[in-house]
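>>> sequence and predicted structure are below.
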Amino acid sequence: MYPDQFEFHRADSVSEAVELLADNPDAELIAGGHSLLPTMKSGLASPDALVDISDLDGLSGVERNGEVTHLGAMTTYATVADDDDLWEDATVVAEAASQVGDRQVRNRGTVGGNIAHADPASDLPAAMLAANATVHVHGPDGERSVEIDDFFQGMYATAAGEEGVVTGIDVPEEGENTASAYVKKPAPASGYALVGVAARLTFDGDEVTDARIAANGVMDHGTRLPAAEDAIEGESVDADAVAVAGDAAGDSLDEYMVMEDQQASQEFRLQLLSAYTERALETVGERAGHM
Amino acid sequence: MERTIELTVNGTDHQVTVEPRTLLIHALRDEMGYTGPNVGCESSVCGACTVHVDGEAVKACTELAVRAEGSEVTTIEALGDEDDMHPLQESFQEEHGLQCGYCTPGMVMTAAVFLEEEPDPDRAEIREALEGNLCRCTGYQNIVNAVESAAAEMAGAVEPATDGGTAVEEGGD
């Protein structure tokens, strides 16, 4: 199963990658390749050229400054999932990365590639939304930072655009009073999220003072769930409040836009969304010692 | 536009000319003659093509050969031979961890790195580690038995396992 022919460029710098992408509108950027290569092998994509950034220094690795954990775009899922400090500092991100694909896929697939690809059923988008991440993008007009709430724009579409290169992701560290979780119902064959819910709650005592809850697999891109957030804010994470927030999870979504395929109807997805929102909140509650 | 790349396979330096679209698995099998890793689903699911690239288990059907330039690749051929088998190869035989054997090279290669990282795994951890390797014959029970038994064997071994192939350096990307 060979892909169509293409030219192969190995970029020596991010700027060169950006130039190559700008010069050739039919070129694609390749990071870990674990979304792009399967698409090319199955004939769904036939780019004229690939621009490889896997050899660039400085695009890979995890750095901390006490407030923010910086994940280089080429950092693999395995590195993130095996990072004990990240399980403390941004549990939801480490937990989502640990649920992507399988061991071999996690050894190659990258966090930057994941969010740049913006597969609606992948695991990282909701986790990054819940974690309130910031995405660093290098485009033809230079470098810029994009708030994660503005990043995902549609199915396989992001604020990085066609010519932008995601260079890294900043994940704020959870303070002592914050806890988070990612739970998902995987599609039986592919392991992608039929529904995945990420939640990060900040507490003052028992009371939730800030909630960020987001879902994968439900809409055409990773999406915040403001109705569930509103329902849990100001409450303590007990069975009643969790049930109310679960019921509310789908309220802020355009129901006709909810994904539907042979694996799950819209109705079933919304049911899963409620159930998994509840599970995510319960897990966060347990981790914070409130349930 | 063909390219000539250099890479090391099982300790041997190779120069091979490939198209950019040539997948690592095809370069290994068709250009260099390493037919141990198998081509199964061709869609990053079944794991029959698993090899080590710079010490990590990778599905060679989902990597371009040109991107493996400069890498150290290890295939099942380096793990052991009939006279001197790796404990995993012995235990797959002893525990009947294979029937048709098509998935076995991938299973063993994934398990080999896993046991380096986790020398004393429980059965759930073994299943989790082999999530990316599908077997359509055995039902997995004997495969888990085999990995468990190899782990015990390797932990009890006075002499280090004569694997040669799994001791490549960690990391790499």
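Looks like it came in fine. Numbering: from 1, shown residues only, chains lettered A, B, ... in the order given.
>>> which residue ranges form the helices in the stretch 1-150 of chain A?
All helices of the stretch 1-150 of chain A, identified by DSSP state H, counting those that start in this stretch, fall at A:14-23, A:36-41, A:77-81, A:84-89, A:91-98, A:103-108, A:111-117, A:124-131.
>>> deepest of those helices, which one?
helix A:124-131 (a mean of 31; mean count of other CB atoms under 10 Å in any protein chain shown). (C-beta placed from N, C-alpha, C; glycine too.)
>>> just list whatever residues bridge to residue B:14.
residue B:7 (DSSP bridges).
>>> quick check: it touching residue B:33?
No - contact criterion CB atoms under 8 Å: residue B:14 and residue B:33 do not qualify, at 9.9 Å.
>>> more neighbours: these two, which one.
Per other CB atoms under 10 Å in any protein chain shown, whichever of residue B:14 and residue B:33 has more neighbours is residue B:14, with 17 against 11.
>>> domain parsing for chain A?
A:7-52, A:63-172, A:178-287 (automatic domain parsing).
>>> a markdown table please, covering those domains and showing distance to residue B:154.
A markdown table is the format used below for the domains of chain A (distance: least, CB to CB, whole Å):
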| stretch | distance to residue B:154 |
| --- | --- |
| domain A:7-52 | 30 |
| domain A:63-172 | 19 |
| domain A:178-287 | 29 |
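>>> and the ones you listed: which comes nearest residue B:108?
domain A:63-172 (13.4 Å; CB to CB).
>>> so how far is residue B:80 from the spatially most central residue of chain B?
The residue lying closest to the centre of chain B (CA atoms, centre = their mean) is residue B:109, at 2.5 Å. To residue B:80, residue B:109 is 12 Å away according to CB to CB, to the nearest Å.
>>> spell out which parts of chain B neighbour chain A.
B:1, B:3, B:19-23, B:26, B:42-44, B:47, B:50, B:56-59, B:61-64, B:66-67, B:110, B:114, B:129, B:131-133, B:173 (CB under 8 Å from any CB of the partner chain).
>>> among the residues you listed, which lie within strands?
B:3, B:50, B:56-59 (DSSP state E).
>>> just the buried residues of the residues you listed.
Buried members of these, counted by 16 or more other CB atoms under 10 Å in any protein chain shown: B:50, B:56-59.
>>> closest to residue A:118 among those?
Closest to residue A:118, out of all of these and judged by CB to CB, is residue B:59, at 22.6 Å.
>>> still on that earlier bit, can you redo the helices of the stretch 1-150 of chain A as CSV with mean pLDDT and distance to residue B:37?
Shown next, in CSV, are the helices of the stretch 1-150 of chain A (pLDDT from 0 to 100; distance: least, CB to CB, whole Å):
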stretch, mean pLDDT, distance to residue B:37
helix A:14-23, 96, 31
helix A:36-41, 95, 17
helix A:77-81, 98, 20
helix A:84-89, 97, 32
helix A:91-98, 98, 26
helix A:103-108, 98, 12
helix A:111-117, 97, 24
helix A:124-131, 98, 29
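>>> just tell me which of the ones you listed ends up closest to residue A:221.
helix A:124-131 (6.7 Å).
>>> ok, residues contacting the closest one?
When contacts are defined by CB atoms under 8 Å, 6 or more residues apart in numbering or on different chains, helix A:124-131 is touched by residues A:90, A:92-93, A:95-97, A:100, A:111, A:114-115, A:118-119, A:135, A:148-149, A:151-152, A:169, A:171-172, A:180, A:182, A:196-200, A:212-216, A:221-224.
>>> filter those residues to the buried ones?
Applying 16+ other CB under 10 Å to those flags A:90, A:92-93, A:95-97, A:100, A:111, A:114-115, A:118-119, A:135, A:148, A:151-152, A:169, A:171-172, A:180, A:182, A:196-200, A:212-216, A:221-224 as buried.
>>> okay, and which of those map to strands?
Using DSSP E, the buried ones among the contacts of helix A:124-131 in strands are A:135, A:152, A:169, A:171-172, A:180, A:182, A:196-200, A:212-216, A:223-224.
>>> which residue does the stretch 1-150 of chain A have closest to chain B?
residue A:102 (2.8 Å; CB to the nearest CB).
>>> leaving out sequence neighbours, find the closest residue to that residue.
Of all residues not flanking residue A:102 in the chain, residue B:132 sits nearest, at 2.8 Å (CB to CB, 6 or more residues apart in numbering or on different chains).
>>> my guess is the one you found meets residue A:108, correct?
No - taking contacts as CB under 8 Å, residue B:132 lies outside contact range of residue A:108: 11.0 Å.
>>> and for those two, which residues touch both?
Counting by CB under 8 Å, 6+ apart, the residues touching both residue B:132 and residue A:108 are residue B:59.
>>> okay, now residue 150: neighbour count?
Since you didn't name a chain, this refers to chain A. Other residues close to residue A:150 by other CB under 10 Å number 10.
>>> right idea, wrong chain: chain B
Residue B:150, neighbours per other CB under 10 Å, totals 25.
>>> next one: residue A:132
17.
>>> stretch A:80-100 near chain B anywhere?
No - Stretch A:80-100 is not in contact with chain B by CB under 8 Å from any CB; minimum separation 8.8 Å.
>>> what residues does that stretch touch?
A:62, A:64, A:69, A:71, A:77, A:106, A:109, A:111, A:114, A:122-124, A:126-128, A:130-131, A:133, A:171-174, A:179-182, A:184, A:186, A:196, A:198-200, A:287.
>>> now with 7 Å, please.
A:62, A:69, A:71, A:77, A:106, A:109, A:111, A:123-124, A:127-128, A:130-131, A:171, A:173-174, A:179-182, A:184, A:198, A:200 (CB atoms under 7 Å, 6 or more residues apart in numbering or on different chains).
>>> distance from that stretch to the middle of the chain?
12 Å (CA atoms, centre = their mean, to the nearest Å).
>>> take the helices of the stretch 1-150 of chain A and write them to JSON lines, including distance to residue B:84.
Below are the helices of the stretch 1-150 of chain A laid out as JSON lines (distance: least, CB to CB, whole Å):
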{"stretch": "helix A:14-23", "distance to residue B:84": "46"}
{"stretch": "helix A:36-41", "distance to residue B:84": "36"}
{"stretch": "helix A:77-81", "distance to residue B:84": "31"}
{"stretch": "helix A:84-89", "distance to residue B:84": "37"}
{"stretch": "helix A:91-98", "distance to residue B:84": "36"}
{"stretch": "helix A:103-108", "distance to residue B:84": "26"}
{"stretch": "helix A:111-117", "distance to residue B:84": "40"}
{"stretch": "helix A:124-131", "distance to residue B:84": "43"}
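>>> what angle sits between the longest helix anywhere in chain A and helix A:91-98?
With residue count as the measure and DSSP state H as the assignment, chain A has helix A:266-287 as its longest helix. For helix A:266-287 against helix A:91-98, the angle by axes from the mean of the first three to the mean of the last three CA atoms, to 10 degrees is 120 degrees.
>>> so for helix A:266-287, mean pLDDT?
Helix A:266-287 comes out with an average pLDDT of 98.
>>> lovely, talk soon.
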